[in-house]
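Student: What follows is a protein structure lacking sequence information:
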């Protein structure tokens, strides 16, 4: 907001603090993490690069203080991982002097991340943790910076400041580039908001159990084309490198918005596929077939119904970015069809077991009645022998019927035990 002169002083003062202090505090709002400019990553990159070139010796501590952290929502470890990833990215990109070419980030920068609660919502906790933060900073003081006698501190600081003021690289980026980032970012943000608003009614309908939207991909391509044109109409007036960078960011954010919509569309496609699966199994013309033959037909019909929807649901302009969502939808379909197949096989297996018990009773009962009428001396032995013979035949038939349904292992053995019960 203060113009280019203010930005230049901001970079100079940050570099000065890094040069003469053990610890540089980076104050960042929790919602700005991951955002290059808002999280001061551009400033930090410039400061680190010039510091390595001018003052490279000595290790420094970067203490990131994340404000307004709601700890019940996001663990501190997650925020710390985001910060360290950004610092490592900066370290990999900045040019290094020859003597530091093989150095690792942890050799020169000790990165720590702490967080503070919301000042307005948790004021007492905030004050207590700020006091603790002061102790944390003081505990590491004097361990990293060069030892400078008190009577030489002023001259040392003047020398460092003069070196920084003479460094021209701290005057970048230019005002034109900052303007380009602001305007292109503003237009991209508006474009993402337009996408959300335009797709919200469809998304709500699908989330409430609505039917899949016909030709969704073509409709989204039309919407995306309009969005790209609006962005390019403004972006082409500014720095082309910044415009290209922001357009890539816009495409990534558009993919995030449409990925959520595509998930709901594919969920609706799965619901339709399940209905097709059930209808195919229950169709009159299929009843003449064995279940083992009906299930593959039902699977094929369900998959065909799903693919017909999925094929026309993905916009061509973001096909690559949305490929993971499409793959996840296909995996979900396979899992749901597998559950339906298992349920159909279990229902058929239960029916087969009931029939087997009935047939076993029909085989045993007449012979048992005849033996009882005769009342022979070996009555119980003859009854046991008749039952064993009938059970052997019934078990053989039951196994054959269940194996035709691909019922194997423990479920098969359980059915056999129940028949014998």
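Tutor: Cool, the structure landed. Here the structure is a predicted model, which means the values were calculated and not measured.
Student: so for the longest helix along the chain, what's the average pLDDT?
Tutor: The longest helix of the chain (DSSP state H) is helix 323-374. For helix 323-374, mean pLDDT rounds to 86.
Student: Now residue 203: phi and psi?
Tutor: Main-chain dihedrals, residue 203, degrees, to the nearest 10: phi -60, psi -40.
Student: In the protein, what helix or strand scores lowest on average pLDDT?
Tutor: helix 3-20 (a mean of 67; mean pLDDT, DSSP states H and E).
Student: Report the next helix or strand after that helix in sequence order.
Tutor: Next helix or strand after helix 3-20 toward the C-terminus (DSSP states H and E): strand 23-29.
Student: where do the helices sit along the stretch 101-250 of the chain?
Tutor: With helices called from DSSP state H, counting those that start in this stretch, the stretch 101-250 of the chain shows them at 105-108, 123-139, 153-165, 175-207, 216-235, 240-282.
Student: how about stretch 382-402: buried residues?
Tutor: 382, 386-387, 390-391, 394-395, 397-399, 401-402 (16 or more other Cβ atoms under 10 Å). All C-beta atoms are positioned from the backbone trio N, CA, C, and that covers glycine.
Student: Ok, stretch 191-204 next?
Tutor: In stretch 191-204, counting by 16+ other Cβ under 10 Å, buried: 191-192, 195-196, 199, 202-203.
Student: Kindly report the same for stretch 336-343.
Tutor: 336-337, 340-341.
Student: and residue 309, how many neighbours?
Tutor: Burial of residue 309 is recorded as 22 neighbouring residues (other Cβ atoms under 10 Å).
Student: Give me the three-state assignment for it.
Tutor: helix (DSSP: H, G, I helix; E, B strand; the rest coil).
Student: Contacts only, for the nearest residue to it once chain neighbours are set aside.
Tutor: Sequence neighbours aside, residue 269 is the residue nearest to residue 309 in space, at 4.0 Å (criterion: Cβ to Cβ, 6 or more residues apart in numbering). Residue 269 makes contacts with 212, 305-306, 309-310, 313, 329, 333, as judged by Cβ atoms under 8 Å, 6 or more residues apart in numbering.
Student: Quick check: residue 269 vs residue 204, distance?
Tutor: 17 Å (Cβ to Cβ, to the nearest Å).
Student: Residue 24 now?
Tutor: Relative to residue 204, residue 24 is positioned 47 Å away (Cβ to Cβ).
Student: got it, and residue 334?
Tutor: 28 Å.
Student: what about this structure, any weak spots by pLDDT?
Tutor: Across the chain, the ranges flagged by pLDDT under 70 are 1-8, 11, 36-40, 43, 50-51, 53-58, 140-153, 156, 167-179, 284-289.
Student: Correct me if wrong, but residue 62 is in a helix.
Tutor: No. Per three-state DSSP, residue 62 lies outside any helix segment and is strand.
Student: what's the closest non-adjacent residue to it?
Tutor: Once flanking residues are discounted, residue 62 sits nearest to residue 111: 5.1 Å by Cβ to Cβ, 6+ apart.
Student: and the one you found, how many neighbours does it have?
Tutor: With other Cβ under 10 Å as criterion, residue 111 counts 19.
Student: before we move on, the earlier item: which of the buried residues of stretch 382-402 lies closest to residue 157?
Tutor: Nearest to residue 157 among those: residue 402, at 86.8 Å, using Cβ to Cβ.
Student: Phi first, then psi, for residue 321.
Tutor: phi -70, psi -30.
Student: ok, back up a step: got a markdown table for the buried residues of stretch 191-204, with distance to residue 227 too?
Tutor: Below are those laid out as a markdown table (distance: Cβ to Cβ, whole Å):
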| residue | distance to residue 227 |
| --- | --- |
| 191 | 5 |
| 192 | 9 |
| 195 | 6 |
| 196 | 11 |
| 199 | 11 |
| 202 | 16 |
| 203 | 17 |
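Student: Just the closest of these to residue 105, please.
Tutor: Nearest to residue 105 among these is residue 192, at 32.6 Å by Cβ to Cβ.
Student: Quick one: residues contacting that closest one.
Tutor: 250, 253-254, 257.
Student: Please apply the same query to residue 264.
Tutor: Residues in contact with residue 264 (Cβ under 8 Å, 6+ apart) are 203, 206-207.
Student: In terms of distance to residue 104, which of these ranks first?
Tutor: In terms of Cβ to Cβ, no member of the contacts of residue 264 lies closer to residue 104 than residue 203, at 45.1 Å.
Student: and the closest one, what is it in contact with?
Tutor: Contact analysis of residue 203 by Cβ under 8 Å, 6+ apart lists 260-261, 264.
Student: if you set the cut-off to 6 Å instead, what comes out?
Tutor: Going by Cβ atoms under 6 Å, 6 or more residues apart in numbering, residue 203 touches 261, 264.
Student: neighbours around residue 102, how many?
Tutor: 8.
Student: Return the distance of it relative to residue 181.
Tutor: 33 Å.
Student: same thing with residue 28?
Tutor: Residue 28 is 18 Å from residue 181, by Cβ to Cβ.
Student: got it, and residue 291?
Tutor: 63 Å.
Student: swap in residue 112?
Tutor: Residue 112 is 29 Å from residue 181, by Cβ to Cβ.
Student: Looks to me like residue 65 is in a strand.
Tutor: Yes. Residue 65: assigned to a strand according to three-state DSSP.
Student: I'd like the numbering to begin with 807 instead of 1 from here.
Tutor: With 807 as the first residue, the last one maps to residue 871.
Student: wait, what's in contact with it?
Tutor: 831, 833, 920 are the contacts of residue 871 under Cβ under 6 Å, 6+ apart.
Student: what is it paired to in the beta sheet?
Tutor: Beta-bridge pairing of residue 871 under DSSP bridges involves residue 833, residue 920.
Student: quick one: the closest residue to residue 913 other than its chain neighbours and residue 998, what's the gap?
Tutor: Leaving aside its sequence neighbours, residue 913 sits nearest to residue 865 (Cβ to Cβ, 6+ apart; 7.2 Å). To residue 998, residue 865 is 41 Å away according to Cβ to Cβ.
Student: now swap in residue 1153 and tell me
Tutor: Applying Cβ to Cβ, the value for residue 1153 to residue 998 is 48 Å.
Student: Residue 1026 contacts residue 1121, correct?
Tutor: Yes. Contact criterion Cβ atoms under 6 Å: residue 1026 and residue 1121 qualify, at 3.9 Å.
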